[in-house]
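Student: What follows is a predicted structure for the sequence shown.
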Amino acid sequence: MSGTEEGREIVEWLNDRGEGVVTTVATEYGHEIYEKIGLGHLCLQGRLDITGLSELIRNKNIKTLIDATHPYAAQASLNAIKVSEECGIKYIRFQRPSTVSDSACTDETAIKELESVHFVKNVDEAVEWCRKTDRKNILLTTGFSTVEKFVKLKDEKNIYVRMLPMPAHIEQCVEMGIKSSNILALQGPFSQELNKAVFNQYHIDVVVTKDSGKTGGVPEKIQAAMEMGIDTVVIQREEIDYPVICSSIDEVFCMLGAN
């Protein structure tokens, strides 16, 4: 189960070794990436519920499920854990380190002690923080799925959305009331310099982000905001009791090699 950069690396590694592998992604955009690297034939597109995932495991005679979904795809992980147990197969979770826990991401700065960085438990708390602040220009870098909750602030704040260039999602944002001029359809992650250029161009006061770690470009985002005197609101990850968890791709490879 991929849809992340690390997931693609794992799939490529397994395929290069001649292992029988199939991967799933939630979106057409994710499938296109696999097609570009020549592995589209291994990739199934579509969100799988528990029933769909169970059928896939049985039909493909899956023996090991590697959950390399996004850190915020909590329901997908919960489904994977449950189905793995029910089907009696091995479950391995790859979880990229968070920005806070990975010292290499923070330049040895204690992020939680920074006055301009504000941690919240979920999207609802992030919306409420943005509602209460006197700052007006808010940039969402949290993906399309969070726009619906933030759009309720559009009459009080200037909401800007930076998200993947998916036409259907752009259209839905406009339908929800986001101005087309406030939509930045770009593929990340972004350098610190590019973040600063975007923040400056749109006079951003607040950046809302998920804690997607170094791979997700969060350190560069926070550093750019700090240098420009901009508040960053970080939505923390949901805590899940994974039965097996690896924090590096090498750990995943070691576990697979032990099979």
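Tutor: Good, I have the coordinates. Values in this document were obtained by computation on a predicted structure and should not be read as measured data. Numbers count the residues shown, from 1 in each chain.

Student: CA atoms for contacts and neighbours, from now on please.
Tutor: Will do.

Student: Helices of the stretch 51-200 of the chain, start to end?
Tutor: 74-87, 123-132, 147-150, 167-176, 192-201 (DSSP state H, counting those that start in this stretch).

Student: now these as CSV including distance to Gln45?
Tutor: Putting these into CSV (distance: least, CA to CA, whole Å) gives the following:
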stretch, distance to Gln45
helix 74-87, 14
helix 123-132, 26
helix 147-150, 23
helix 167-176, 16
helix 192-201, 31
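
Student: could the ones you listed be laid out in TSV, adding mean pLDDT and mean neighbour count?
Tutor: Below are the helices of the stretch 51-200 of the chain laid out as TSV (pLDDT from 0 to 100; neighbours: other CA atoms under 10 Å):
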stretch	mean pLDDT	mean neighbour count
helix 74-87	96	17
helix 123-132	97	16
helix 147-150	96	17
helix 167-176	95	14
helix 192-201	97	15
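
Student: which stretch of helix or strand covers Thr232?
Tutor: Per DSSP states H and E: Thr232 is located in strand 231-235.

Student: quick one: average pLDDT of the helix or strand following that strand?
Tutor: Next helix or strand after strand 231-235 toward the C-terminus (DSSP H and E): strand 245-246. Rounded to a whole number, the mean pLDDT of strand 245-246 is 95.

Student: what sits up against strand 245-246?
Tutor: By CA atoms under 8 Å, 6 or more residues apart in numbering, the residues outside strand 245-246 that reach it are Ile92, Arg93, Phe94, Gln95, Val252.

Student: min pLDDT across these, which one?
Tutor: Within these, the minimum per-residue pLDDT falls on Gln95 (91).

Student: Could you check how far that one is from Ala73?
Tutor: 11 Å (CA to CA, to the nearest Å).

Student: Neighbours of Pro41, how many?
Tutor: Actually, residue 41 is His rather than Pro. Applying other CA atoms under 10 Å, we find 11 other residues in the vicinity of His41.

Student: tell me the pLDDT at it?
Tutor: 95.

Student: Next, it: phi, psi?
Tutor: phi -70, psi -20 (degrees, to the nearest 10).

Student: Skip the chain neighbours and tell me the closest residue to it.
Tutor: Glu35 (7.7 Å; CA to CA, 6 or more residues apart in numbering).

Student: what about that neighbour, neighbour count?
Tutor: Number of residues near Glu35 (other CA under 10 Å) recorded here: 14.

Student: what does Ile57 give?
Tutor: If you count neighbours by other CA under 10 Å, Ile57 ends up with 17.

Student: what's near enough to touch it?
Tutor: Contacts of Ile57 (CA under 8 Å, 6+ apart): Lys63, Cys87.
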